[in-house]
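**Student:** Just to be clear, the model below is a prediction. Sequence and coordinates:
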Amino acid sequence: MFYREAGDFKTSYRDDSQTFPIRLDRMGYYVLMFVAFLVVPFFINDYWVNAVFAPFLIYAIAALGLNILTGYAGQVSLGTGGFMAVGAYACYKLMTGFPEVSIVIHIILAGGITAIVGVAFGLPSLRIKGFYLAVATLAAQFFLVWLFNKVPWFYNYSASGQINAPERSVFGVIVTGPNTEAWAKYMICLVFVVVLAWVARNLTRGMMGRKWMGIRDMDIAAEIIGVNPLMAKLSAFAVSSFFVGIAGALFFAVYLGAAEAGEAFGINKSFLILFMIIIGGLGSIFGSFAGAAFMVLMPVFLKNVLVGGMGWPTDLAAHFEFMIVGGLIVLFLIVEPHGLAQLWRLTKEKLRLWPFPH
């Protein structure tokens, strides 16, 4: 009886269209933000930030970007890893070329550069769709990784072929490099996640989001009622690539510290993020977070249970993880195509009606 709209009156259009219409949801959101910003930083350590929080937050940004393109605009992409590599290498070149500029500006500019590259590779979407577009973006994935491996200028002619993030600070706090503290690494990722999630939520609820969903549902009908397919598709590629580029820059500069395109941003990365939005839920902001959390926490859980608790070999536990992920993808595609987000939505609907059955 506690999860109700009763007594929560709406007296304006703004109140009626808010993201959390139920008071309990709003309270939960504020509590979550309070804990994330003012509690977790005081208790987090290197294990938790490297194993759970940093990869979850960074993958959530990448999943948000891919969900905008695939879930909202209906444009299939298998080049997410390559676009993350663009963000990472762009951030590296900016960090080494302009050391006096803030790392925050470098990360945002890296996202902008990735958006330009994403639009260039999104041009085929104007003529092809579905499987053929997926193959085109897959070609972008292999081409970008090959480019960063074969052109020494991108890694500053390093003998190892790797890129290494120099030490940078924000407001006097070191956020990149080997001397970065756990709470600083966590906070810079958290700030980017909150800002980009707010941007994604407002974009998908506004006119731009309606254009994307019109193209996704039936592009011919959307064009008849006035939606420009060229601008809608290319804007989806641009916004998606911007998010993915920022995720790649954070993944390299804040999380890894050193990276090589083939290993850090290979095809496995593209499929990993695609699995996140399939399991979490296509066309859902919450689904991006749910899928990222699931794909980050599941390996940690299995490693602790199977390897640490039951004594399984590490390679056997890794293969078991692949079996679970594959089985869950098939299960969600058959039983619940909208993923964990739809299960959460149904749970909230049941709570709103409880204890009544209908």
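**Tutor:** Yep, it's here. Please read these numbers as outputs of a predicted model, since none were measured by experiment. Numbers count the residues shown, from 1 in each chain.
**Student:** C-alpha only now, for contacts and for neighbours.
**Tutor:** Will do.
**Student:** helices and strands of the chain: which one bottoms out on pLDDT?
**Tutor:** Between all helices and strands in the chain, the lowest mean by mean pLDDT, DSSP states H and E belongs to helix 13-16, at a mean of 77.
**Student:** outside of it, which residues touch it?
**Tutor:** Residues outside helix 13-16 that contact it (Cα atoms under 8 Å, 6 or more residues apart in numbering): 10, 21.
**Student:** Buried ones in the helix or strand hosting A88, by neighbour count?
**Tutor:** Assigned by DSSP states H and E, A88 belongs to helix 80-97. The neighbour-count check on helix 80-97 (16 or more other Cα atoms under 10 Å) flags 80-95 as buried.
**Student:** packing partners for it?
**Tutor:** Here helix 80-97 touches helix 103-122, helix 131-150, strand 163-164, helix 229-250, helix 267-280, going by 3 or more Cα pairs under 8 Å, 6 or more residues apart in numbering; DSSP states H and E.
**Student:** quick check: angle from it to helix 267-280?
**Tutor:** 120 degrees (axes from the mean of the first three to the mean of the last three Cα atoms, to 10 degrees).
**Student:** Would you mind finding the most buried of the helices and strands packed on helix 80-97?
**Tutor:** Highest mean neighbour count among the helices and strands packed on helix 80-97 (mean count of other Cα atoms under 10 Å): helix 229-250, with a mean of 27.
**Student:** Would you pull up how far that one lies from the middle of the chain?
**Tutor:** Distance, stretch centre to chain centre, for helix 229-250: 11 Å (Cα atoms, centre = their mean, to the nearest Å).
**Student:** for stretch 203-221, same thing?
**Tutor:** On Cα atoms, centre = their mean, the centre of stretch 203-221 falls 20 Å from that of its chain.
**Student:** ok, residues contacting it?
**Tutor:** If you take Cα under 8 Å, 6+ apart as the criterion, stretch 203-221 is touched by 68, 72-75, 222-223, 227, 229, 232-233, 236.
**Student:** change it to 10 Å
**Tutor:** Defining contact as Cα atoms under 10 Å, 6 or more residues apart in numbering, one finds that stretch 203-221 is touched by 17, 19, 68-75, 197, 200-202, 222-223, 225-229, 231-233, 235-236, 239, 283-285.
**Student:** Can you flag the buried ones in those residues?
**Tutor:** 68-75, 197, 200-201, 222, 227, 229, 232-233, 235-236, 239, 283-285.
**Student:** Okay, and which of those map to strands?
**Tutor:** When DSSP state E defines the strands, the subset of the buried ones among the contacts of stretch 203-221 inside them is empty.
**Student:** show me where the stretch 251-358 of the chain has helices.
**Tutor:** Using DSSP state H, counting those that start in this stretch, the helices of the stretch 251-358 of the chain run over residues 261-264, 267-280, 285-302, 314-335, 339-353.
**Student:** so can I have JSON lines of those helices showing mean pLDDT?
**Tutor:** Shown next, in JSON lines, are the helices of the stretch 251-358 of the chain (pLDDT from 0 to 100):
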{"stretch": "helix 261-264", "mean pLDDT": "88"}
{"stretch": "helix 267-280", "mean pLDDT": "92"}
{"stretch": "helix 285-302", "mean pLDDT": "91"}
{"stretch": "helix 314-335", "mean pLDDT": "84"}
{"stretch": "helix 339-353", "mean pLDDT": "85"}
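**Student:** most packed of those helices?
**Tutor:** Buried most deeply of the helices of the stretch 251-358 of the chain, by mean count of other Cα under 10 Å, is helix 267-280, with a mean of 23.
**Student:** give me the low-pLDDT residue ranges for this protein?
**Tutor:** 1-2, 5-7, 357-358 (pLDDT under 70).
**Student:** and the angle for the longest helix seen in it with helix 103-122?
**Tutor:** For the chain, the longest helix by residue count, based on DSSP state H, is helix 182-205. If you take the same axes, to 10 degrees, helix 182-205 sits at 40 degrees to helix 103-122.
**Student:** For the remainder of this discussion, apply numbering that starts at 35.
**Tutor:** With 35 as the first residue, the last one maps to helix 216-239.
**Student:** May I see the buried residues of the helix or strand following helix 216-239?
**Tutor:** The first helix or strand that comes after helix 216-239 along the chain, using DSSP H and E, is helix 241-251. If you call a residue buried by 16+ other Cα under 10 Å, then helix 241-251 has these buried ones: 242-250.
**Student:** Mind exporting the C-alpha coordinates of helix 241-251 to PDB?
**Tutor:** Provided in PDB are the C-alpha atoms of helix 241-251 (Å, rounded to 0.1, in the frame of the first residue of the first chain):
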ATOM      1  CA  MET A 241      11.300  15.900 -30.200                       C
ATOM      2  CA  MET A 242      14.600  14.400 -31.200                       C
ATOM      3  CA  GLY A 243      13.800  11.100 -29.400                       C
ATOM      4  CA  ARG A 244      10.400  11.000 -31.100                       C
ATOM      5  CA  LYS A 245      12.000  11.300 -34.500                       C
ATOM      6  CA  TRP A 246      14.400   8.500 -33.600                       C
ATOM      7  CA  MET A 247      11.500   6.200 -32.500                       C
ATOM      8  CA  GLY A 248       9.500   7.100 -35.600                       C
ATOM      9  CA  ILE A 249      12.400   6.000 -37.800                       C
ATOM     10  CA  ARG A 250      12.800   2.900 -35.700                       C
ATOM     11  CA  ASP A 251       9.200   1.800 -35.900                       C
END
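**Student:** now the buried residues of helix 241-251 as CSV including distance to P158?
**Tutor:** CSV is the format used below for the buried residues of helix 241-251 (distance: Cα to Cα, whole Å):
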residue, distance to P158
M242, 21
G243, 21
R244, 22
K245, 19
W246, 17
M247, 19
G248, 19
I249, 15
R250, 16
